[in-house]
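Novice: take this sequence and fold it.
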Amino acid sequence: MSDSIESRRRELGRFLRAHRAGLDPSRFGFATSGTGVRRRTPGLRREEVAQRAGVSTTWYAWIEQGRDVAASPSALSRLADSLRLTRAERAYLFSLAGKVDPRHGREDAAEGLMPQSLRSVVSLIGCPAYVLDPWWNMLAWNEPATQLFAGWLDAVSASDPPSASPNLLRFMFTSPLARTLVDDWPERARRVVAEFRIDYGRRLGDPRMAALVEELASGSPVFAEIWGAQQVLRREGGERRFHHARWGRVVFDQISADVGEPAGLKLVMLVARGRS
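Specialist: Next up, the predicted model:
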């Protein structure tokens, strides 16, 4: 058995255990107090998850333990429903299991721009814009993005010889600038990690991905704590607020889109709402 498959099974078990522990039994119709009711650990019990999914408790326990268990797409679908997984969490579950979700199928990156075209396209965009690879390296960014991330991207652009591609995760968790620039940094940091976990799950067993996570966890206790929570969120748009040294408080609407092969490239644009 390959290390990649074993890694996926272990990660699947950790994800399920963490999610199960965070669920409120009363919301699923299970008693939490009263005669004969004793709960030693938080969340749902394994037998309660198995009951809701229509599978045996032993089968479910083995999955949490990372064992070599035959898991059909239909059984995994029932398990996802029984745990009330979000769409992003459900996609992560099937990615770790190496199965195609019968409800949604695989999320393939849209065909579109080739990597060599991205830099010139990004430069034409009037608002801050950049392209991320699956490891959250910035492959291309424009001048408005350089101005927004002044003190970081401008230093990278001016380096001679050119620096390696800047990494958004390293910026968020190792740069003091991020904590002053990004409004409500603790909440944004939590969401960034939950979004990154989808890319991590799609490339579990990739040495580069494992090395990046190890580096971040070793260098940032905050990242390590958030990573251990096993949260998963789809990368979505929405309001993004910054406290810029020159502009003051600025608010953007973030728009993200897959931009083609290789799968996993994302174009991120920040459309200004206004400044105050």
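
Novice: got the domain ranges for this protein?
Specialist: 3-97, 115-275 (automatic domain parsing).

Novice: tell me which of those domains sits nearest to residue 103.
Specialist: Distance to residue 103, taken as C-beta to C-beta, is lowest for domain 3-97 among those, at 6.2 Å. For every residue, glycine as well, the C-beta is placed using N, CA and C.

Novice: want to throw the domains of the chain into TSV with distance to residue 103 and mean pLDDT?
Specialist: Output for those, formatted as TSV (distance: least, C-beta to C-beta, whole Å; pLDDT from 0 to 100):
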stretch	distance to residue 103	mean pLDDT
domain 3-97	6	86
domain 115-275	15	88
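
Novice: mind putting those in JSON lines, mean neighbour count included?
Specialist: Converted to JSON lines, the domains of the chain look like this (neighbours: other C-beta atoms under 10 Å):
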{"stretch": "domain 3-97", "mean neighbour count": "16"}
{"stretch": "domain 115-275", "mean neighbour count": "16"}
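
Novice: can you give me the helices for the protein?
Specialist: Ranges of helices in the chain, per DSSP state H, are 3-21, 46-53, 57-64, 73-82, 87-97, 115-124, 143-148, 153-158, 168-174, 176-181, 185-202, 207-219, 221-228.

Novice: ok, residue 253 - contacts?
Specialist: Shown in contact with residue 253 (C-beta atoms under 8 Å, 6 or more residues apart in numbering): 237-240, 270-271, 273.

Novice: 6 Å instead?
Specialist: Residues near residue 253 by C-beta atoms under 6 Å, 6 or more residues apart in numbering: residue 271.

Novice: gap between it and residue 240?
Specialist: Distance, residue 253 to residue 240, using C-beta to C-beta, to the nearest Å: 7 Å.

Novice: same check on residue 231?
Specialist: Distance from residue 231 to residue 240, counting by C-beta to C-beta: 19 Å.

Novice: thinking again about what came up before, how about the helices of the chain, which one is nearest residue 28?
Specialist: Among the helices of the chain, helix 46-53 sits nearest to residue 28 (C-beta to C-beta), with 6.9 Å.

Novice: CA atoms of that closest one as PDB?
Specialist: Taking Å, rounded to 0.1, in the frame of the first residue of the first chain, the C-alpha atoms of helix 46-53 are listed here in PDB:
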ATOM      1  CA  ARG A  46     -19.700   6.500  16.900                       C
ATOM      2  CA  GLU A  47     -22.800   4.300  17.200                       C
ATOM      3  CA  GLU A  48     -25.100   7.300  16.700                       C
ATOM      4  CA  VAL A  49     -23.300   8.300  13.500                       C
ATOM      5  CA  ALA A  50     -23.500   4.700  12.300                       C
ATOM      6  CA  GLN A  51     -27.100   4.600  13.100                       C
ATOM      7  CA  ARG A  52     -27.900   7.700  11.200                       C
ATOM      8  CA  ALA A  53     -25.900   6.600   8.200                       C
END
